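Visitor: give me coordinates for this.
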Amino acid sequence: MTRLVLVVVLFSIVPVFCAEETKTNSAVDRPKALEESLGFMESKLARGLNDLMWFHRLQDVARIDKVRFIGPPNPGTNKPGGTNEVIISALTFFPKKTTRKIPLIVFAHGEIHGNVTTDEEPLIVRELIEQGYAVIAPDYRGSSGYGGDFWRQIDYGGLEVEDVFAARNWMVENHKEIDPKRVGVIGWSHGGSIALMNGFLHPDAYRAIYAGVPVTDLITRLKYRDSDYEKLFAAPYHIGKGVAEDAGEYRQRSPVTHAQKLKAPLLIHGNTSDEDVRVVEIEKMIDALRAAGKKFEYKIYTNAPGGHHFNRLDTKLARDSRNEIYTFLATHLKPPRPPRTPWQ
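Guide: Numbers count the residues shown, from 1 in each chain. So this is what the prediction gives:
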């Protein structure tokens, strides 16, 4: 559906929708509010179509469901005797045939304000399902496709981490076929950061952690990104301050600060040709883990084609790299059908 058609369709509902998403009476602000509301509506429509694509692409190998559960309340929202937990949506995947206790992978999607999309994740989820894992992929607070209020509840490096942990707990509590002692957490980019934070802040909950090209140090990252990137974090609905105003807050939300808390086996991948998460960030994480005396695994690829997405493509190098991931996970999580070498 084109943007023009959407504008026509939305004329009858925009006044109500705008009242919900943006509250303004200013004649100057109204066009901006209308465009913002339209953007959130488009995102909701795209989210619904994306869910259908998940079912279409993986129904041959998986039992798929869309579930909802609660994450912790946002700071300052609870009143005495009340509760304002945030409702979190997630996709769940189970192999069609399970005969015994199976391991679980918690998959944290990448991109700030992203969601669990069918752009690249289905390939990875399919490969995990074929090995016998159950998978849960949550759209933690701040994800797109659930309206402006949810989008503005983003809590980078904070409660979004707890939403992913809540996804892990929901699966363990509601599916007896999952072995709670064989749970791993994985993610790429921003999802890699969340995977690291989950492993560091909940060290007894996971048996394995994989972080692909992860964001690890916000202060370092902001030094090589443009000024608009820092403005995103400084927005009132976000961290609310710039680095110069509160560097400690940025450190607290960065995995590199929590390296000493690592307990579970960890594998990190980086790529020297990655212009999104530069290798300097990966090296910061490696140095922090070494300084803390931690045992872990890592590999920095040299100029791997594909840059930031190098091991999420349909190439031999990408398949070989994913085989490294799956072999690592299988060593610690013991799936029913571990990967072969090379991955096929």
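Visitor: which secondary structure elements does the helix ranked longest in the chain contact?
Guide: Scanning the chain for the helix with the most residues, using DSSP state H, yields helix 29-58. If you count contacts as 3 or more Cβ pairs under 8 Å, 6 or more residues apart in numbering; DSSP states H and E, helix 29-58 packs onto helix 3-10, helix 14-21, strand 62-73, strand 85-95, helix 121-131, helix 148-151. C-beta: built from backbone N, CA, C; applies to glycine.
Visitor: how does it look with 6 Å?
Guide: Helix 29-58 is packed against helix 14-21, with contacts defined by 3 or more Cβ pairs under 6 Å, 6 or more residues apart in numbering; DSSP states H and E.
Visitor: sketch out the low-pLDDT regions of the chain for me.
Guide: Low-confidence segments of the chain (pLDDT under 70): 1-30, 32-33, 35-36, 76-83, 341-344.
Visitor: do that again at 50, thanks
Guide: Applying pLDDT under 50 to the chain flags residues 1-22, 342-344.
Visitor: can you give me the helices in it?
Guide: Taking DSSP H, the helices of the chain run over residues 3-10, 14-21, 29-58, 121-131, 148-151, 159-174, 190-201, 218-224, 227-234, 247-252, 279-291, 316-333.
Visitor: what's the most buried one of those?
Guide: Stretch with highest mean neighbour count among the helices of the chain: helix 190-201 (a mean of 26; mean count of other Cβ atoms under 10 Å).
Visitor: that helix vs helix 159-174, what angle?
Guide: 70 degrees (axes from the mean of the first three to the mean of the last three Cα atoms, to 10 degrees).
Visitor: quick one, helix 190-201 and helix 121-131 angle?
Guide: 50 degrees.
Visitor: now do the longest helix of the chain: distance to the chain's middle.
Guide: Chain-centre distance of helix 29-58: 18 Å, with Cα atoms, centre = their mean, to the nearest Å.
Visitor: do stretch 54-68 as well
Guide: Centroid displacement of stretch 54-68 relative to its chain, using Cα atoms, centre = their mean, is 18 Å.
Visitor: quick thing: my sequence starts at 4, can you match it?
Guide: Sure, I'll start counting at 4 from here, so that last one is stretch 57-71.
Visitor: contacts for it next, please.
Guide: Outside stretch 57-71, the residues that touch it by Cβ atoms under 6 Å, 6 or more residues apart in numbering are 90, 92, 93, 94, 95, 96, 97, 99, 121, 125, 129, 132.
Visitor: can you rerun that using 7 Å?
Guide: 54, 90-99, 121, 125, 128-129, 132-133 (Cβ atoms under 7 Å, 6 or more residues apart in numbering).
Visitor: and that stretch, how far apart are its ends?
Guide: Stretch 57-71 has an end-to-end distance of 17 Å (Cα to Cα, to the nearest Å).
Visitor: one more: stretch 295-304?
Guide: End-to-end distance (Cα to Cα), stretch 295-304: 24 Å.
Visitor: if we can go back for a sec, how about the helices of the chain in a markdown table, adding distance to residue 105?
Guide: Shown next, in a markdown table, are those (distance: least, Cβ to Cβ, whole Å):
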| stretch | distance to residue 105 |
| --- | --- |
| helix 6-13 | 42 |
| helix 17-24 | 41 |
| helix 32-61 | 16 |
| helix 124-134 | 10 |
| helix 151-154 | 31 |
| helix 162-177 | 11 |
| helix 193-204 | 20 |
| helix 221-227 | 36 |
| helix 230-237 | 39 |
| helix 250-255 | 35 |
| helix 282-294 | 30 |
| helix 319-336 | 9 |
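Visitor: of the ones you listed, which approaches residue 268 most closely?
Guide: Nearest to residue 268 among the helices of the chain is helix 319-336 (5.1 Å), distances taken as Cβ to Cβ.
Visitor: what packs against the closest one?
Guide: Judged by 3 or more Cβ pairs under 7 Å, 6 or more residues apart in numbering; DSSP states H and E, the packing partners of helix 319-336 are helix 124-134, strand 181-191, strand 211-215, strand 269-274.
Visitor: could you rerun that using 10 Å?
Guide: The contact analysis (3 or more Cβ pairs under 10 Å, 6 or more residues apart in numbering; DSSP states H and E) places helix 319-336 against strand 105-111, helix 124-134, strand 181-191, strand 211-215, strand 269-274, strand 300-304.
Visitor: one step back: just want the angle from the longest helix of the chain to strand 88-98.
Guide: Going by the same axes, to 10 degrees, helix 32-61 makes 20 degrees with strand 88-98.
Visitor: between helix 32-61 and strand 65-76, how many degrees?
Guide: Using the same axes, to 10 degrees: helix 32-61 against strand 65-76 is 140 degrees.
Visitor: thank you kindly, that will do.
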